[in-house]
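A.B. asks: Predicted coordinates and the sequence they were generated for:
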Amino acid sequence: MVKANGDSYYSCKMFREMEREKQEQQMKMLMEKVEQVNREREELMNKQDRMKMKMEEERQNYEKERKRREEEFREREVQYKKDIKVIEEQKRNIQEELKKQKQQEIQREEKEDKWRNKEHGMWNEYNQRLKQEIKRMKMIEEERKRREEEDERRRKIEKETWDEYYQKLEQEIERMNKKMEEERENHDKDRKRRPI
């Protein structure tokens with residue numbers, strides 16, 4: 001194979017065929033690119049035409065809207081002048097009403113100030129009494145605690161006294177029982193000794 005190819009692994013003919021195939025592929029790719037660019041250009045042209053039509057339509061709509069607004073503006077201007085007269089009349093009436101309300105507000109504020117001062121005085125007196133009552137309640141609570149402690153001490157002393165008393169009483173009862181037992185035994189002995 002190497003001898004047939006002129007001491008080479010590939011012959012010139014094979015190189016040429018490969019080169020030709022490569023050029024065909026590149027040409028095919030270029031043609032596809034050209035077609036794609038043409039398609040995109042047509043799409044852009046169509047899009048541009050649509051945009052022009054849309055812009056024209058919007059311009060016409062804008063013109064109609066502008067005329068309609070002008071007419072509305074003229075109508076509003078006439079109505080506005082009428083409204084201004086009505087508003088000025090209302091303004092005068094409102095100003096007079098506000099003057100009356102202001103005078104009434106001043107009188108009401110004076111009454112409220114008097115009432116607030118009176119209420120403030122009452123609250124101060126109430127707070128003073130409350131403080132005194134709290135102080136008195138604290139003293140009562142302290143006295144109660146002191147009495148409870150005193151009662152507890154007295155109860156403790158009484159309990160200790162009674163415990164001591166009961167202990168002595170039990171001792172005394174036990175002593176008496178022993179004594180009685182001794183006397184009974186002595187009596188039994190004496191009875192046995194006596195002649196019948």
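C.D. replies: Sure, I can see it.
A.B. asks: what's the helix or strand for residue 82?
C.D. replies: helix 12-193 (DSSP states H and E).
A.B. asks: so how many other residues sit close to residue 121?
C.D. replies: 10 (other CB atoms under 10 Å). (Each C-beta comes from the backbone N, C-alpha and C, glycine too.)
A.B. asks: wait, what's in contact with it?
C.D. replies: For residue 121, the contact set (CB atoms under 8 Å, 6 or more residues apart in numbering) is empty.
A.B. asks: How much space separates it from residue 172?
C.D. replies: 75 Å (CB to CB, to the nearest Å).
A.B. asks: Check what pLDDT residue 25 gets.
C.D. replies: According to the prediction, residue 25 has pLDDT 87.
A.B. asks: From residue 34, how far off is it?
C.D. replies: Residue 25 is 15 Å from residue 34, by CB to CB.
A.B. asks: Residue 41 now?
C.D. replies: On the measure of CB to CB, residue 41 and residue 34 end up 10 Å apart.
A.B. asks: Check residue 146 too.
C.D. replies: 114 Å.
A.B. asks: With residue 54 instead?
C.D. replies: 30 Å.
A.B. asks: and what of residue 136?
C.D. replies: In terms of CB to CB, residue 136 sits 109 Å off from residue 34.
A.B. asks: for residue 129, same thing?
C.D. replies: 105 Å.
A.B. asks: next one: residue 192
C.D. replies: Look at residue 192 and residue 34: by CB to CB, they are 158 Å apart.
A.B. asks: same thing with residue 135?
C.D. replies: 106 Å.
A.B. asks: Only alpha carbons, please: show stretch 120-131 as PDB.
C.D. replies: Provided in PDB are the C-alpha atoms of stretch 120-131 (Å, rounded to 0.1, in the frame of the first residue of the first chain):
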ATOM      1  CA  HIS A 120     -55.800  67.500  87.900                       C
ATOM      2  CA  GLY A 121     -56.500  68.700  91.400                       C
ATOM      3  CA  MET A 122     -58.800  65.800  92.000                       C
ATOM      4  CA  TRP A 123     -56.100  63.300  90.700                       C
ATOM      5  CA  ASN A 124     -53.500  64.900  92.900                       C
ATOM      6  CA  GLU A 125     -55.700  64.600  95.900                       C
ATOM      7  CA  TYR A 126     -56.600  61.000  94.900                       C
ATOM      8  CA  ASN A 127     -52.900  60.100  94.500                       C
ATOM      9  CA  GLN A 128     -52.100  61.700  97.800                       C
ATOM     10  CA  ARG A 129     -54.800  59.600  99.500                       C
ATOM     11  CA  LEU A 130     -53.700  56.500  97.600                       C
ATOM     12  CA  LYS A 131     -50.100  57.000  98.800                       C
END
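A.B. asks: buried stuff in that stretch?
C.D. replies: Applying a neighbour-count criterion of 16 or more other CB atoms under 10 Å, one finds nothing buried in stretch 120-131.
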